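Visitor: Structure for the following, please:
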Amino acid sequence: MSTKTKTSTKTSRRTFLSTSASATLGFTIVPSSVMASPAPSDRLNLGHIGIGGRGRRFLRPLAALDQKVVPWENLGGQGDRFLRPALSTALCDADSSRLDMAATAVGGRPRLYKDFRRLLEQKDLDAVVIASPDHWHALMMIMACQAGKDVYVEKPASKTVEEGRAMVTAAERYGRVVQVGSQGRSQDPAYHANKYISNGQIGTVRKVLCWHYENPVGDWTPDAEAPEGLNFDNWIGPARRISYNEKRTHGRFRWMLDFGGGQIRDRGAHVMSVANWIMKADYKGPVSVEATGQPHHDGMYDSPQHMTVTYEFKDPDWTLVWAQPGVPSEEMEARYGAVYWGDTGRLTVTYGDRHFTDTEQQAKDYKSPHGGVEVFRSPGHFENFEDCIKSRDKPIMHIESAHRVATLCILGNISYRLRRKLDWDSVNEQVRNDQEANRLLSRPGRGPWHL
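Guide: Numbering: from 1, shown residues only. The predicted structure follows:
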């Protein structure tokens, strides 16, 4: 299925960096026919942008060139165990302490950068892994595509709807493979659940109810000077300027609407990714979004502690509900997940990220009948990305599907902020008859960092 191409009077802002910004940042536009060739060998040269907690788990030791499986215990991570040889030859982070730690972990002599633009200039890199804070994902991915790199970018794909559509356009224009890190689709339990539901074992699904624990409040901590080694201005990048605070940076930015967006944009990008995949909604969107929530009154974070968002879909008709805390499944114990309600039964799928995805035993035991619905079974999330670098196929969590999931999360927060229901036009990606809401679908950027 082909993705749609957006056309509007805002094309220059809905595609990628403007011509003037591209020139300023030193990039040359190369035709996609040149960039669409696969990697020259079975070994990939990887560049890494953002090498904190999650980013560190993608590192490939230069000292393990002859090993088929990377010894992840040596990196202190718990990420996927990759089966194909690849090298982490270039590393970038705005924090020198993290950069030094990553360089020590991979061994050898990786090239080190504090400005990701310099990393993207390296011609020998086959792909780039982006695990920066969420508000950087879009610009970094778009610029990596412009530089001729395939991209693995962590979820959520984007901070705004406009950014997400620009990411889709950039991947298509430059012929790049882009995998987004909602790993649940590549976990076997999600595959079994999809196959079970797609073959009608619980009838037609009319409702998907997600549950998740609440957002943290955050005790007040005074602002301070950024620690030595952290380029805080580069860390902020395109977002609104704020003073440094340890509780608003590394890992904790997620609880601020302007940087992260709370649990719905963090774990929601996992749980609802699996839901969209099972419900065949990768190229669709809801017709309405309505959120209710309770704001913090005594904490330093502005994401709502409690929140419920209801999404209505048409053709086919079904309802998706994100609730924190919500009602956990009666069949399986888990901190978060979703229950799929069909007209003849129900099925639980828990978590939806990395190795923690699970489902009920009847789905795991189910065998598709002859002529039944077949579901793609991913070999692993990064392995699927590597396969697609060679085949040039779309990966299981390609950028269009990730943009659709991110849009759900973004619209939920907008509805919460405005305290009203949104009538969503998923074709034109606009809220009908609500200019205030539409202004929140984009952001102005800061300095040179804008679409």
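Visitor: For the residue nearest to T204 when sequence neighbours are not counted, which residues are in contact?
Guide: Here the nearest residue to T204 in space, its sequence neighbours aside, is D343; by CB to CB, 6 or more residues apart in numbering that works out to 5.3 Å. To be clear about C-beta, it is placed using only N, CA and C from the backbone, and glycine gets the same treatment. Residues near D343 by CB atoms under 8 Å, 6 or more residues apart in numbering: 202-204, 206.
Visitor: Could you give me the PyMOL selection string for whichever of those are buried?
Guide: For the buried members of these, the matching PyMOL selection, counting by 16 or more other CB atoms under 10 Å, is:
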select buried, resi 202
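Visitor: among the contacts of D343, which are in strands?
Guide: Members of the contacts of D343 lying in strands (criterion: DSSP state E): R206.
Visitor: What does H403 show for phi and psi?
Guide: Dihedral pair for H403: phi -60, psi -40, per degrees, to the nearest 10.
Visitor: hang on, K314 packs against G285?
Guide: No - counting by CB atoms under 8 Å, G285 is not a contact partner of K314; they are 10.1 Å apart.
Visitor: rewinding a little: pLDDT wise, what is the residue nearest to T204 at?
Guide: At D343, the predicted lDDT confidence score is 96.
Visitor: Please apply the same query to the one 5 residues further on.
Guide: Looking at T348, its pLDDT is 98.
Visitor: OK, contacts around the closest residue in space to it that isn't next to it in sequence?
Guide: What sits nearest to T348 in space, not counting adjacent residues and going by CB to CB, 6+ apart, is S329, at 4.1 Å. Going by CB under 8 Å, 6+ apart, S329 touches 211, 337, 339, 348, 350.
Visitor: Ignoring the adjacent residues along the chain, who's closest to P379?
Guide: Per CB to CB, 6+ apart, closest to P379 is D387, 6.8 Å.
Visitor: before we move on, which element is that neighbour in?
Guide: D387 belongs to helix 381-391 when elements are defined using DSSP states H and E.
Visitor: quick one: buried residues of that helix?
Guide: 381-389.
Visitor: same thing with stretch 246-258?
Guide: 247-249, 252-257.
Visitor: what's in contact with it?
Guide: With CB under 8 Å, 6+ apart as the criterion, stretch 246-258 contacts 52-53, 95, 133-135, 215-216, 218, 221, 224, 230, 232, 235, 239-240, 242, 259-262, 265-266, 300-303, 413, 417.
Visitor: Could you double-check that I410 sits in contact with G262?
Guide: No - between I410 and G262 there is no contact under CB under 8 Å: 11.3 Å.
Visitor: Settle it for me: which of K314 and G285 has more neighbours?
Guide: Between K314 and G285, counting by other CB atoms under 10 Å, G285 is the more crowded of the two (20 against 11).
Visitor: Please identify which helix or strand holds the residue of the chain positioned farthest from its centre.
Guide: Outermost residue of the chain with respect to the C-alpha centroid, by CA atoms, centre = their mean, is H370; its distance is 35.3 Å. H370 belongs to no helix or strand when assigned by DSSP H and E.
Visitor: For L99, see how far away it is.
Guide: H370 is 55 Å from L99, where distance means CB to CB, to the nearest Å.
Visitor: what residues are up against the residue nearest to T319 when sequence neighbours are not counted?
Guide: Distance criterion CB to CB, 6+ apart; nearest residue to T319, sequence neighbours excluded, is K207 at 4.8 Å. Contacts for K207 were tallied using CB under 8 Å, 6+ apart; they are 318-321, 340-341.
Visitor: now do P222
Guide: For P222, the contacting residues are N245, by CB under 8 Å, 6+ apart.
Visitor: now V327: how far from Y336?
Guide: For V327, the distance to Y336 - CB to CB - is 12 Å.
Visitor: List the residues that contact Y191.
Guide: Contacts of Y191 by CB under 8 Å, 6+ apart are 185, 375-378.
Visitor: Can you say which of the contacts of stretch 246-258 are buried?
Guide: For the contacts of stretch 246-258, a neighbour count by 16+ other CB under 10 Å gives the buried set as 52, 95, 133-135, 215-216, 218, 230, 232, 235, 239, 259-262, 265-266, 300-301, 303, 413, 417.
Visitor: Now do the shared contacts for V327 and Y336.
Guide: Among the neighbours of V327, those also in contact with Y336 (CB under 8 Å, 6+ apart) are W211.
Visitor: Which one of those two is surrounded by more residues?
Guide: Y336 (23 against 10).
Visitor: Chain neighbours aside, what residue packs nearest to the more buried one?
Guide: H212 (4.0 Å).
Visitor: domain ranges for this protein?
Guide: 11-184+394-399, 187-219+231-376+404-439 (automatic domain parsing).
Visitor: Next secondary structure element downstream of the helix or strand where E162 lies?
Guide: Using DSSP H and E, the element containing E162 is helix 161-173. Once helix 161-173 ends, the next helix or strand along the chain (criterion: DSSP H and E) is strand 178-180.
Visitor: dump the residue contacts of D423.
Guide: Shown in contact with D423 (CB under 8 Å, 6+ apart): 287-288, 431-434.
Visitor: Please name the nearest non-neighbouring residue to the residue nearest to the spatial centre of the chain.
Guide: The chain has K155 as the residue nearest its centroid, 1.7 Å off, counting by CA atoms, centre = their mean. Sequence neighbours aside, A269 is the residue nearest to K155 in space, at 4.0 Å (criterion: CB to CB, 6+ apart).
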